[in-house]
Each structure stands twice: as C-alpha cells, then as structure tokens.
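Trainee: Test case, fold it:
(one chain, ligands or ions: 1)
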Amino acid sequence: MKTSIELRLEKDLHDLTENSLYRSIPEFKHNCGMIDCATNSYLNLDTNHQIEKAANSMISTTSGNLASRLIRSGSPLFSELECEIAEWKGTESALLFNSGYAANTGIIQALARRSTVVFSDRLNHASIVDGIVLSGAKMVRYDHNNIYDLESKINDFPDSEKIIITDALFSMDGDIADLVRIARIADQTGSLLMVDEAHSSGVYGHAGNGLVHEMQLSDSVDIIVGTLSKALSGVGGYFAGSRLIRNYLINKSRSFIYSTALPESCLARNLAAVRYIRHHPRLGSELIEMAHEFRASLTEMGYNIGASVSYIIPIITGSAEKAIALSDYLAKQNIIAPAIRTPTVPVGQSRVRLSLHHGITRDELAHLQTTFEGASLWVNADS
Ligand SMILES: Cc1ncc(COP(=O)(O)O)c(C=O)c1O
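Mentor: Prediction:
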C-alpha cells in the first residue's frame, strides 16, 4: 500500500503535468546539424582542443579523488587555480567550491547570521535564495533591479548588519544589474556587497574578468562569486575577494568544509580554460557584438525579449503552452532552445530561453533569423 507521502507526490506530479509544468531530463542527443541555443558554454570552450591538451599535460597524479581539502589536499592545482582566478579578478584571494551552487549557499550561510538582513534581487538565482534560507538571516527581496525599492527597503534597517546580493547578468532575462548604483547604496549604508558573476564571467570585462571590472567597481564589491561551469565549460564555483573573508569561509562555510573537493582532472580543465580566456581577450566582445545584432532583428520582428542586453535572450510567450510549442517548433527547424516555465520564472512569464554562443556561424544566424520570421505571426498573436 502507498504511504500518504507517496500519494501526495503522485498528486503533485499529476498537477504539474496538467499545468504543462512537469519536468523531465531530455534524452542525450549529439547535436549534429542542430544549432545549440541551450548552452551556457558561451565561448564554446567545451570543444576546444587546445584546452583539452593543456589540461591533460597538467595532470600529475591519477584523476581520482582523496578527501575534503581540510583533511587532505589532493593536488597543487587547487592553489594554482585559486591564484590564477584571484589574479584574473584582481582580488587578494580566491577560494574554490565544488559548484556555483555550493559557493553561493556556503558563502551566505557562513557570513550571515540570524540578526543579519540580506537584500536580494527578486530574480536572483535559486542558490542565493537557498543560501539565505540556510543562514537563518532575514531575507528582504527587492523588486528586480529596482534601485528605489532597494533604497527604501534598506533604509528600514539602519542599525542592522546588512548584505546586498545581486546577480550581475540575470540568467533567465539576459539583463544586467545596475551595479554602479547598487555599489553606491552599499557604500552609503555600510552593507557588504556580493555579486554573482556566473553568467557574465568569461565574456564581459577585460579578457572576461567580468562586469564588476568592466564597471570599474572592483574596490566597491566585497565578494565576487563565479562558476567555472558556464563560459569556462568546466565545473566548480569560486569566491574572489579579501583574505579575511577567504579565511573565514575556510573555517565556517559548511559546503566547503563538509564536501569532498574536486578531482585533479577538473582542476586542470578549469585552469586551462581560465588561462585560455585570458590569452584570447576578444572572444567575449565578439559574442556581445553578434548578440546585439540578433536581438535587434528579433525586436524588429515583434518578439518580446524583455530587458535583455546580452547573449541570453528570452522570447517571452507568457503561457507555458506557447513556450513549449515554440521550443518544439524550433526543434523541428534544428534549433535547440528550451522552454522555461514557473517556478524558474514568475507565473505568466514563460519563455523560450535562447543563449547565443561564439561558435554560431553566419549561415546559422541566417537560419535562426528565417525561422523566427516564420514563427513571428503565431508567437506574437495575443492568446
Ligand atoms: C546566477 C547563477 N549562480 C549560480 C549558479 C550555480 O552554478 P553551478 O551550475 O556551477 O552550480 C547558476 C547556475 O545556473 C546561476 O545561474
């Protein structure tokens, strides 16, 4: 007989299916002949043989794993990679985590306590929200990229310890946080400022060092979080900032302390990818330029691309059904682009998320353009 929990799970899954919100893992497919607009490997480093070769030449021991770093450091590449990241980001230090998710949850849990107030953009990534919940701090969500709302909410807590956290480039909307004004508010209110550069690192800034650098805010941002899993196409997350905070994280961050560290094969791959980006400083700006032209043509065709200013371009359809229909239509035209539905995006704002990457050819761009022209009438008709 099924337990009451199993019956509840069955009902929840049934409800998700009824509302076109049921998720399943897509079958693995070689994307032979398909245009991949579902990748976070924005610079195509996943297929870069120079990186593969450089990584292989760095692996000294087996590629297997040993233990959490506080128990037994398994490779000299940990500190080499952390030094490389700190130099790239222009910070005193860096600390590796096993993923961007582990970095966000581990950093926030370590730094915030019950009496801390954390101001978080309403569209921040789930790992930031989870970190705040884990810390037990008071979470105050401000309207997306709305500086007036942030300012008015922060003024309600003059005497509290405060942290402001924002994504730099929003992963489902492709817009950029108003970091200059957020940094000013952080400075005026004595708040710690943490910026998640998961989607901007590797592409924006000089040689991909990120939006914080591009906006000349290195002195105003206390914590940069990044992931090695997007433009760098590896695995792992990182903190970049002061030695003081790094030492504190080593002592207090539970996702760092209580989890076995990455194996050397991953460290080597990550290190080779960071070095490759630093030696090829034009990759990011070329992608940004291509995306700029493509966004303009989508807007001209009448698509709602929200506030996107980047290579992440949402085609906002509103209903989940239409997002799925558009994603299916694109698949038939050899274009991979996922439908994104609630709870990843707010109810009524379902979309197809296009992510452009550096390897898209002129011919492929032309095919994308023709395909979107073909769908504009039914996608943009009021439902
Ligand atoms: C803004 C943001 N932060 C953090 C993460 C987590 O990074 P990772 O995939 O390395 O766990 C993601 C991943 O989607 C993200 O979009």
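
Trainee: contacting residues for the residue in the stretch 51-200 of the chain positioned nearest to the ligand?
Mentor: Closest to the ligand within the stretch 51-200 of the chain is residue 100: 2.3 Å, counting by C-beta to the nearest ligand atom. Every C-beta, even on glycine, is put in place using the N, C-alpha and C of the backbone. For residue 100, the contacting residues are 127, 196, 198, 225-227, 229, 237, by C-beta atoms under 8 Å, 6 or more residues apart in numbering.

Trainee: out of those residues, which are inside strands?
Mentor: Of the positions in those, 196, 225-227, 237 sit in strands, assigned by DSSP state E.

Trainee: ok, of those, which one's closest to residue 84?
Mentor: Of all these, residue 84 sits closest to residue 226, with 12.4 Å by C-beta to C-beta.

Trainee: That closest one against residue 234, yeah?
Mentor: No: using C-beta atoms under 8 Å, residue 226 is not in contact with residue 234; the gap is 11.4 Å.

Trainee: Can you name the residues of the chain that neighbour the ligand?
Mentor: By the rule C-beta under 6 Å from any ligand atom, the part of the chain lying against the ligand is 99-101, 104, 125, 127, 167, 171, 196, 198-199, 227, 229, 237.

Trainee: and those as CSV, adding distance to residue 365 and pLDDT?
Mentor: Below are the residues of the chain next to the ligand laid out as CSV (distance: C-beta to C-beta, whole Å; pLDDT from 0 to 100):
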residue, distance to residue 365, pLDDT
99, 32, 98
100, 29, 98
101, 32, 98
104, 34, 98
125, 29, 96
127, 32, 98
167, 27, 98
171, 22, 95
196, 29, 98
198, 25, 98
199, 21, 98
227, 27, 98
229, 26, 96
237, 32, 98
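
Trainee: PyMOL command for the buried members of those?
Mentor: Selecting only the buried entries of the residues of the chain next to the ligand in PyMOL, with 16 or more other C-beta atoms under 10 Å as the criterion:
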select buried, resi 99+100+101+104+125+127+167+171+196+198+199+227+229+237
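
Trainee: Quick check: the farthest pair among the residues of the chain next to the ligand?
Mentor: Counting by C-beta to C-beta, the most remote pair of the residues of the chain next to the ligand is 99 and 167, 15.9 Å apart.

Trainee: For the ligand, see how far away residue 41 is.
Mentor: From residue 41 across to the ligand, the span is 12 Å (C-beta to the nearest ligand atom, to the nearest Å).

Trainee: Then residue 42?
Mentor: Taking C-beta to the nearest ligand atom, one finds residue 42 at 12 Å from the ligand.

Trainee: Isn't residue 364 up against residue 35?
Mentor: Yes: at 4.9 Å, residue 364 and residue 35 qualify as touching, with contact defined as C-beta under 8 Å.

Trainee: So if I had to pick from those two, which one is more boxed in?
Mentor: Legend: neighbour count by other C-beta atoms under 10 Å for residue 364 and residue 35, higher for residue 35 (24 against 17).

Trainee: Tell me the bridge partners for the more buried one.
Mentor: residue 335 (DSSP bridges).

Trainee: Check the gap between it and the ligand for me.
Mentor: From residue 35 across to the ligand, the span is 21 Å (C-beta to the nearest ligand atom).

Trainee: Next, the contact list for that residue, please.
Mentor: Neighbours of residue 35 in contact, by C-beta under 8 Å, 6+ apart: 334-336, 360, 364, 367-368.

Trainee: Separate out the buried members of the residues you listed.
Mentor: Neighbour counting with 16+ other C-beta under 10 Å marks 335-336, 360, 364, 367-368 as buried within the contacts of residue 35.

Trainee: returning to what we had before: which of residue 226 and residue 234 has more residues huddled nearby?
Mentor: Neighbour totals were compared for residue 226 and residue 234, and residue 226 leads with 31 against 25 (other C-beta under 10 Å).

Trainee: Kind regards, and thank you for your time.
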